Every structure is written in structure tokens, then in C-alpha cells.
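**Student:** Attaching a predicted model along with its sequence, questions to come.
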Amino acid sequence: MRGQRLRPGDRVRVVSPASFPSAEWAGQVIGTLAGWGLRPELGAHALDRHGFMAGTDADRLADLNDALRDPGVRAVVASLGGAGAYRIVDGLDMTAVRDDPKPVVGFSDITNLHLALWTATGLAGVHGCVGTGGRTDDSCRQLLFETEPITLHAEPSPVTVPGRATGILVGGCAGAVANFLGAGLPRLDGVILCLEGPQNPHFDRMLWGMLRAGVLDGIAGFAIGDLTGLDPSVAEPGPEQAVTVIRERLGGLGVPILAGLPFGHTEDQVCLPLGVPATLDTYAGTLTAASAVC
């Protein structure tokens, strides 16, 4: 299920479902969207502060549901990731999403929202952010304004397992995907699972948990993004930790794995559509996915 592509003049709501942004960063996000010819507006509680989160759970959820319910709002953009989105997924207005699908943009902790929305409604979204410039903004704009597929090109990686696969592209931040096991993550039969995650010494444990739970039994393939700082507990951490973990945990599944893709917690990331048909081709080193809008 995909929302309609954006057009100049459309209203877009910027909300903070997780951590709070600075006023300067929120202004940069708003400015970028306005530069695309959109009419961005800031959620009522987007700049609130409650501990490490942007306001209370009730206020963050209210902002998000208000945006999902408003027929004049044509896309929802998370100002920031951080932490806290997982606390509000059970209160999402899925009826409003089904009645009026619109893309949600965000990554990191916002993966929790993408997973909840896709699991309940099949809604397509955008893994990424707005406001950093470069190919990040360019790819996000493409995914929201255009209906043509997007292709990501991988850097050479020693963890690639050869093959081709097609399936619905699902996933995002590895920590959020693994944590969602206890929140209703379904079996991922026929899915191409994309995974990325910064500075996380528990990546091996995350993959083990998904394997142990059986959700990867019918997986079609894996698209691996940035894993910088996979294990900071190791002196001079490098990509060799990722190579070992992915080979040992995922290599035995007998499905294609393409690593080195430019999405995730990395400078100048490429935004990625989620919940859409995709093709993984390790021979060409590409991941091609349908747009997040129609």
C-alpha cells in the first residue's frame, strides 16, 4: 500500500516520534521541504522535551496520529530518530492509515514505526532523513515525488553471497528490527531484509535472536547497509567484525547477501523505500526498489 506522490504545494507534517531535535535542526528540515515547493508544518509537540524524548508518549503519539488523520497532510517526516518511537507503536491509528495512506520518512528508531505500519497495513515508507543535503536529500525527494524505481549500487564487500532475489523490501536499523521480535515481528517469508546499524556491539546477538525465533526461515535475501563501528569493544574495530558475524549467522541460509550498500547511519546516505517490491542482484552489485509512492 503506497500513498500518492507529492506535488508542489502539498502540506507535509514534521513530527518527533522519538528524540527531540534542536530548533536549528528542525528549521533545516523545514527549510529543505519548503525548498522542494512543499508547505511544511511542525507538529505541536515536535520541539518538546521529556527526558531523552520529544515530549510525553501521549503527546508524541497525538502529533503522529494527527498527521496520519489529517486528509490535507500528504506525507509525515520524522525530525529525528534517537529513541522512543517503540513506546508509541501500539497506539497508531491504523484505520486512518488504511483509509488515507501517506508515506512516513525516518530511520534509526523510526524503524519501529515502519515495521508497525507495514505489519498492520502494508504501508510503504522511506528509510532516511531530510535536511542533510547531497544525495540524501536528492534520493528522499525522488522517492516522494517520483514513481520510478530507485537503484542503489554497492561497494565491493567480502561478505557478499552470490545470487539474485526478489521480494518486498523490509527492515532498517538492525537493533529496532531485533527488538521488534517481542512486538509482533512476523515471519519474513519472501522478504528482502535490509539491515544497518551504527556502533552496536550486539549485532551478533540480534541476528541470533531472529534466527532462533524462526522469522528468517523463509527469507529471500539480505541487503546490508552501513555497519560502521559494529563492535567498538574490539580494539581498532573494522569491517572484519561484520564479515565474521554475517558469514556465521546468515551465510548458512543459502540466500543472496549484498553488503556495502550506501544506506544507514552514514554521511551522505541514500534513502531507501520500504514495503515495496525490490530486486537484489549481487552480480551487478545493485538493489533496485519501487518508489515509496504511486
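**Tutor:** In hand now; what should we look at?

**Student:** Point out where the stretch 151-294 of the chain drops to low pLDDT.
**Tutor:** Applying pLDDT under 70 to the stretch 151-294 of the chain flags the ranges 182, 198-201, 229-240.

**Student:** Am I right that N112 is in contact with F180?
**Tutor:** Yes: contact criterion C-beta atoms under 8 Å: N112 and F180 qualify, at 6.6 Å. In this view, the C-beta of every residue, glycine as well, is placed from N, C-alpha and C.

**Student:** And the longest strand seen in the chain, what does it pack against?
**Tutor:** Ordering each strand of the chain by length in residues (DSSP state E) puts strand 164-173 first. Counting contacts by 3 or more C-beta pairs under 8 Å, 6 or more residues apart in numbering; DSSP states H and E, strand 164-173 is packed against helix 111-121, strand 191-196, strand 221-224, strand 272-274, strand 276-281.

**Student:** thinking again about what came up before, what do N112 and F180 both touch?
**Tutor:** By C-beta atoms under 8 Å, 6 or more residues apart in numbering, N112 and F180 have these common neighbours: Y86.

**Student:** how far does stretch 183-192 sit from the chain's center?
**Tutor:** Taking C-alpha atoms, centre = their mean, to the nearest Å, one finds stretch 183-192 lying 15 Å from the centre of the chain it belongs to.

**Student:** can you list the residues that contact that stretch?
**Tutor:** 86, 89, 112, 115-116, 119, 165-170, 177, 213-223, 278, 280, 287.

**Student:** Separate out the buried members of those residues.
**Tutor:** Among the contacts of stretch 183-192, the ones that count as buried by 16 or more other C-beta atoms under 10 Å are 86, 89, 112, 115-116, 119, 165, 167-170, 177, 215-216, 219-223, 278, 280, 287.

**Student:** Dump the helices and strands packed on strand 164-173 into JSON lines; add distance to M94 as well.
**Tutor:** As requested, those are exported to JSON lines (distance: least, C-beta to C-beta, whole Å):
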{"stretch": "helix 111-121", "distance to M94": "5"}
{"stretch": "strand 191-196", "distance to M94": "20"}
{"stretch": "strand 221-224", "distance to M94": "27"}
{"stretch": "strand 272-274", "distance to M94": "17"}
{"stretch": "strand 276-281", "distance to M94": "19"}
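
**Student:** Among these, show me which one is buried the most.
**Tutor:** Among the helices and strands packed on strand 164-173, strand 272-274 has the highest mean neighbour count (mean count of other C-beta atoms under 10 Å), at a mean of 29.

**Student:** Sheet partners, orientation included, of that one?
**Tutor:** Sheet pairing of strand 272-274 (DSSP bridges) gives strand 125-127 (antiparallel).

**Student:** Show me what the mean pLDDT comes to for the partner strand.
**Tutor:** For strand 125-127, the mean pLDDT works out to 98.

**Student:** following it, which helix or strand shows up next?
**Tutor:** Later in the chain than strand 125-127, the nearest helix or strand by DSSP states H and E is helix 134-145.

**Student:** give me the element V177 is part of.
**Tutor:** Assigned by DSSP H and E, V177 falls within helix 174-179.

**Student:** hmm, who's touching that helix?
**Tutor:** By C-beta under 8 Å, 6+ apart, the surrounding residues in contact with helix 174-179 are 86, 108-109, 111-112, 115, 171, 185, 193, 195-197, 200, 202-203, 205-207, 209-210.

**Student:** need the helices for this protein, in chain order.
**Tutor:** 23-35, 57-69, 94-99, 111-121, 134-145, 174-179, 203-213, 239-250 (DSSP state H).

**Student:** so how far is the last one off the chain centroid?
**Tutor:** The chain centroid and the centroid of helix 239-250 are separated by 22 Å, computed with C-alpha atoms, centre = their mean.

**Student:** which of the residues in it are buried?
**Tutor:** Q241, A242, V243, V245, I246, R249, L250.

**Student:** ok, the residue nearest to the fifth one when sequence neighbours are not counted - contacts?
**Tutor:** If I follow you right, that is I246. Excluding its sequence neighbours, the residue lying closest to I246 (C-beta to C-beta, 6 or more residues apart in numbering) is V159, at 4.7 Å. V159 makes contact with I224, A242, V243, I246, R247, I257, A259, according to C-beta under 8 Å, 6+ apart.
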